[in-house]
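Chemist: predicted coordinates and the sequence they were generated for:
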Amino acid sequence: MTATAIESTSSTLPTGGPRAEAEAPRRRNPLPKGWWMVIPPLLLVILAVVGKYLVPWDPERVAGPSSTAPNGQYWFGTDSSGLDVFSRVIVATRINLTIALIVSLLATSGGIILGLGIGMNESRRGPVGWTARGLARVIDLIQAVPAVLVGLVVVAFYGASTTSLTLALSVILAPIQLRLVRTEVLRVRGEAYVDAARMAGLSERRLTVRHVLPNSSWAALENTSVIFAVSVILTAALGFIGVGLPPPTPEWGAMLSRGATDAIVGRWWSAAFPTLALAITVASFAGLTRLLFHRRVH
């Protein structure tokens, strides 16, 4: 067979096939599935930072006639006191998200530290083990008390302020993170690589920091967005029942409480827009939680 015939025959052979397709490099999407879920929380954070510079009216001063329906001058209308609803909803984003952010950081960091300490010492004998087991039971007791009741007690002692609300919500939500970390610590400390590191002579402190902490804190870190959303809801709940930030501080729960009475007589706007802002915020960070969970599982 001539060289020309060989070239002609080889050119007619199929170049593809299952093996060739398997060996071909797979194209991967550089963006994770559901990446767009990051956009709404990001926009809310940007609005919280620059929102107060964009509002047309002072959110704590009378802007016009009371109970004015939405129009070209007052985009979301005015409430029963003549305060501009649009300006108050936008500025309240900064207040509610700031409280939720601080609470998420305090609750998560405190939960990781306490959960790690309790999980690593719960099985020990002596005073250290007794203290760890006692703290575990105290945490169970705190979680059995309704969250709003704990908030009422803290506010009653320290007054209604950003600091007291942050403290109350941190105390309420830290046990959730603590229990997640404690459960993971109990699992991780029984793994074979932890036993191997201990047999290799690694001290208990270095073992905890190097192996147990990184592998047991993921659950709490992924749950931070849930803590954030719950913080927003609880802040609004305390404001709705009248124990939140003092008026005329713009806060979604207080605005909703004031607007509920107006909605009964048909002036729906002063309650509808704070409710919509609250729902969008919670849904946005719930979507972020779903994205983080998806990436962790896959």
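Modeler: Received the coordinates, thanks.

Chemist: name the element the residue nearest the centre of the chain belongs to?
Modeler: Nearest to the mean C-alpha position of the chain, counting by Cα atoms, centre = their mean, stands S225 at 2.1 Å. The secondary structure element spanning S225 is helix 224-240 (assigned by DSSP states H and E).

Chemist: ranges for the helices of the stretch 1-150 of the chain?
Modeler: According to DSSP state H, counting those that start in this stretch, the stretch 1-150 of the chain carries its helices in the segments 3-12, 18-23, 39-50, 85-121, 127-144, 147-158.

Chemist: mean neighbour count, mean pLDDT and distance to I280 for those helices - can I get that in JSON lines?
Modeler: (C-beta placed from N, C-alpha, C; glycine too.) Shown next, in JSON lines, are the helices of the stretch 1-150 of the chain (neighbours: other Cβ atoms under 10 Å; pLDDT from 0 to 100; distance: least, Cβ to Cβ, whole Å):
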{"stretch": "helix 3-12", "mean neighbour count": "9", "mean pLDDT": "47", "distance to I280": "61"}
{"stretch": "helix 18-23", "mean neighbour count": "8", "mean pLDDT": "47", "distance to I280": "44"}
{"stretch": "helix 39-50", "mean neighbour count": "15", "mean pLDDT": "89", "distance to I280": "7"}
{"stretch": "helix 85-121", "mean neighbour count": "22", "mean pLDDT": "92", "distance to I280": "10"}
{"stretch": "helix 127-144", "mean neighbour count": "13", "mean pLDDT": "84", "distance to I280": "29"}
{"stretch": "helix 147-158", "mean neighbour count": "16", "mean pLDDT": "79", "distance to I280": "22"}
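
Chemist: gap between the residue nearest to the centre of the chain and L288?
Modeler: Computed with Cβ to Cβ, to the nearest Å, the distance linking S225 and L288 is 5 Å.

Chemist: please name the residues that touch the closest residue to A229 other than its chain neighbours.
Modeler: Setting aside the residues directly before and after it, A229 is nearest to F285 in space (Cβ to Cβ, 6 or more residues apart in numbering), at 4.3 Å. Residues in contact with F285, defined by Cβ atoms under 8 Å, 6 or more residues apart in numbering, are 41, 225-226, 228-229, 232.

Chemist: what's the distance between the helix holding S225 and the middle of its chain?
Modeler: Its chain's C-alpha centre lies 9 Å from the corresponding centre of helix 224-240 when counted by Cα atoms, centre = their mean, to the nearest Å.

Chemist: which strands and helices lie in contact with the next helix or strand after that helix?
Modeler: Secondary structure here is assigned by DSSP H and E; on that basis, the next helix or strand after helix 224-240 toward the C-terminus is helix 252-264. Applying 3 or more Cβ pairs under 8 Å, 6 or more residues apart in numbering; DSSP states H and E, we find helix 252-264 packed against helix 85-121, helix 224-240, helix 269-297.

Chemist: now the angle between helix 85-121 and the second one, please.
Modeler: Here helix 224-240 points in a direction 130 degrees away from that of helix 85-121 (axes from the mean of the first three to the mean of the last three Cα atoms, to 10 degrees).

Chemist: about what we covered before: CSV for the contacts of F285, including distance to V155?
Modeler: Formatted as CSV, those follow (distance: Cβ to Cβ, whole Å):
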residue, distance to V155
P41, 28
S225, 25
V226, 23
F228, 21
A229, 21
V232, 17
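
Chemist: tell me the least confident of the residues you listed?
Modeler: Comparing pLDDT over those, the lowest score belongs to S225 (82).

Chemist: so it touches V282, yeah?
Modeler: No - with contact defined as Cβ atoms under 8 Å, S225 and V282 do not form a contacting pair (10.5 Å).

Chemist: name the nearest residue to G253, sequence neighbours excluded.
Modeler: When the adjacent residues along the chain are set aside, G253 lies closest to G239, with 2.7 Å between them (Cβ to Cβ, 6+ apart).

Chemist: go ahead and confirm that neighbour touches P250.
Modeler: No - proximity of G239 to P250 does not meet the contact threshold set by Cβ under 8 Å, at 10.1 Å.

Chemist: surely P246 is in contact with A160?
Modeler: Yes - in terms of Cβ under 8 Å, P246 counts as a neighbour of A160; the distance is 5.6 Å.
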